[in-house]
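Novice: how would this look folded up:
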Amino acid sequence: MRIAIFTDTYYPDINGVARTLKRLTDFLESQNITFKLFVPAPSTKELDSGHIHRSKSLSFFMYPECRLALPNLYQMKSELKNFSPDLIHVATPFNIGLCGVYFSKSLNIPLVGSYHTNFDHYLQYYNLPFLSKLHWNYMHWFYQTCRKIFVPSPTTFQLLKQHKFTNLELWPRGVDCQLFHPYYDKRPIKNRYCLPDSYVLTYAGRLAPEKDLHTLFAAAKSIPSDINQHIHWLIIGDGPLRQELETQAPENMTFTGYLDGKHLAEAYAASDLFVFPSSSETFGNVVLESLASGTPVIGAKAGGVQNIIKTGVNGLLCKPGNANEFSEAILQLLTNGKLRQQMGRSGRNYAQTQSWDRIFKNLICQYTDVIQECELQKYA
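Specialist: Have a look, this model is predicted:
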C-alpha cells in the first residue's frame, strides 16, 4: 500500500489536525506502510526525510501559526507520479488539499478525505456568518469525489449527514495513556509556575475567538471570593487573543504559552479540573488527554466534546456560552472531592479504551477497502 497525504498543516504546527496526522504517519512508518506527505514549508527550517514534499508558504493572516502554501504543481506532479500512490488522502480543504483533489482526478488515483474543522461554526466568531452557504457549497464541491469522508465524532457525522454528505466513516481520536497519566509528581509544575497550595484549574488550546474563552473568564470571575482565593488557573496555549486575555486576567491566572509532551502531561496531572468552554470542536483532543490524566472535564454540551464527556461520570457538560452553568459546575466539583476523584478514575478508565493502534488499524482497513473496490471497478 502506498498512501499520499495532502494537508495544509503538519508537524511542527501546533493544532489537532497536525498532531493527528503526525500520529498517523508515525503509525504508517511503524507498520512499514509507504507514504508521501505533501505539506507547506514551516516558518522554521525542519529536517525532513524523503517522505515529505514541502511547498513554499506564507503566514496566514487569520492564523499566523498556520501556513498558506504556494505549491509548484509541476514539481508536485512529478514527485507524485514517481511515488505512484494507490490512494490519495486529503486532510484540509485549502491549497495543498486542492492539489490532492486535482491530482486524484487528473491521474485517476482513488481519493479519500477527512473532515477535521467546523469552519462554519468559526464564521460567527469572525463576524462572517453570511458566508455559511458559500462555505457548505465549497465543502460539497471539495469532497464530492471522495470515496470515503472520515469524521472524528458522532456529532460531526450527524452534522455532515444533515448537510447531505455521503460516504461518511467515523475516524475517532485516541490518546497516549503512557504519556498522559495521573501519576506524575505535582511539585515540578507547582514550582515552575509558583503555584500556591490551592486548587489548580486548567484550560489548554488555542487562544482564539472560536474557543469561547470569554465564557471561561466570565465563569472564573463569578466564583465566590471565599472559594476563588483557593483557586489558581493555568491557561495553556497561544493565539491572537493572548495579549487581550492577559490584560483582562485576574491575579490567580498564569499563562504558560504552548506546552507539549511531558510538560503538558504534567500540567494535566497536576490539575484538579480541566475547563473547556469551546463549542466548535469536531472532536476535542485536549479533553481526552485530560481524562487520560485522571482529571475531570467541564465542557460545553456541543460538538465532539459531548461525545467524550459522560456528564456525571467523567465530567460535566454545560450550555455553550453560559458562564453561570460553568461556574456552578466548577463549584459542584471543587466542593465534592469524592465525586471529583471518582470522575477522575472513570475518565482514566475511558481513555484507556481509546487506543491509537486500534483506531489506525481500522483506518488502514478503510483504505484497503477503497483501493480494492477501485481495482475491481477497473476490471469490471
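
Novice: quick one: low-confidence parts of the protein?
Specialist: For the chain, applying pLDDT under 70 flags the ranges 43-49, 60-66, 380.

Novice: could you pull out the strands in it for me?
Specialist: For the chain, the strands defined by DSSP state E cover 2-6, 34-40, 52-59, 67-70, 87-90, 111-114, 149-151, 168-170, 199-204, 231-236, 253-257, 273-276, 297-300, 315-318.

Novice: so what's residue 368 up against?
Specialist: With contact taken as CB atoms under 8 Å, 6 or more residues apart in numbering, residue 368 is in contact with residue 1. Yep, even glycine has a C-beta here, placed from its N, CA and C like the rest.

Novice: distance of it relative to residue 111?
Specialist: 15 Å (CB to CB, to the nearest Å).

Novice: kindly report the same for residue 134.
Specialist: Distance from residue 134 to residue 111, by CB to CB: 23 Å.

Novice: just residue 224 next, same as before
Specialist: 55 Å.

Novice: residue 235 now?
Specialist: Distance from residue 235 to residue 111, by CB to CB: 40 Å.

Novice: try residue 276
Specialist: Distance from residue 276 to residue 111, by CB to CB: 34 Å.

Novice: equivalent analysis for residue 259, please.
Specialist: From residue 259 over to residue 111 (counting by CB to CB), the distance is 36 Å.

Novice: those two: who's more crowded?
Specialist: residue 111 (23 against 18; other CB atoms under 10 Å).

Novice: my guess is that one contacts residue 90, does it?
Specialist: Yes. Between residue 111 and residue 90 a contact is recorded at 6.8 Å, counting by CB atoms under 8 Å.

Novice: shared neighbours of those two, which are they?
Specialist: Residues touching both residue 111 and residue 90 (CB under 8 Å, 6+ apart): 100-101, 104, 146.

Novice: if you look at those residues, which of them are in helices?
Specialist: Residues of these located in helices (DSSP state H): 100-101, 104.

Novice: which among the residues you listed gets closest to residue 378?
Specialist: For those, the residue nearest residue 378 by CB to CB is residue 104; the value is 15.1 Å.

Novice: ok, now which ones touch that closest one?
Specialist: Going by CB under 8 Å, 6+ apart, the list of residues near residue 104 reads 88, 90, 110-111, 145.

Novice: buried ones among the residues you listed?
Specialist: Among the contacts of residue 104, the ones that count as buried by 16 or more other CB atoms under 10 Å are 88, 90, 110-111.

Novice: related to what we said a few turns ago, out of the contacts of residue 104, which is nearest to residue 333?
Specialist: Looking across the contacts of residue 104 and measuring by CB to CB, the closest to residue 333 is residue 90, at 41.1 Å.

Novice: quick one: the biggest helix by length in the chain to strand 2-6, angle?
Specialist: Ranked by number of residues, the top helix in the chain under DSSP H is helix 356-379. Counting by axes from the mean of the first three to the mean of the last three CA atoms, to 10 degrees, helix 356-379 lies at 110 degrees to strand 2-6.

Novice: how far off centre is helix 356-379?
Specialist: Its chain's C-alpha centre and that of helix 356-379 lie 24 Å apart, by CA atoms, centre = their mean, to the nearest Å.

Novice: show me what counts as buried in that helix.
Specialist: Quick answer for helix 356-379 (16+ other CB under 10 Å): 356, 359-360, 363-364, 366-367, 370-371, 374.

Novice: may I see those residues arranged in TSV, with distance to residue 285 as well?
Specialist: Formatted as TSV, the buried residues of helix 356-379 follow (distance: CB to CB, whole Å):
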residue	distance to residue 285
356	11
359	12
360	15
363	16
364	21
366	20
367	22
370	26
371	28
374	32
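
Novice: now, which of those sits nearest residue 313?
Specialist: Of all those, residue 359 has the smallest distance to residue 313: 21.6 Å, by CB to CB.

Novice: against residue 55, how distant is residue 121?
Specialist: From residue 121 across to residue 55, the span is 28 Å (CB to CB).

Novice: between the two, point out the one with more neighbours.
Specialist: A direct count of neighbours by other CB under 10 Å for residue 121 and residue 55 places residue 55 higher, at 21 against 18.
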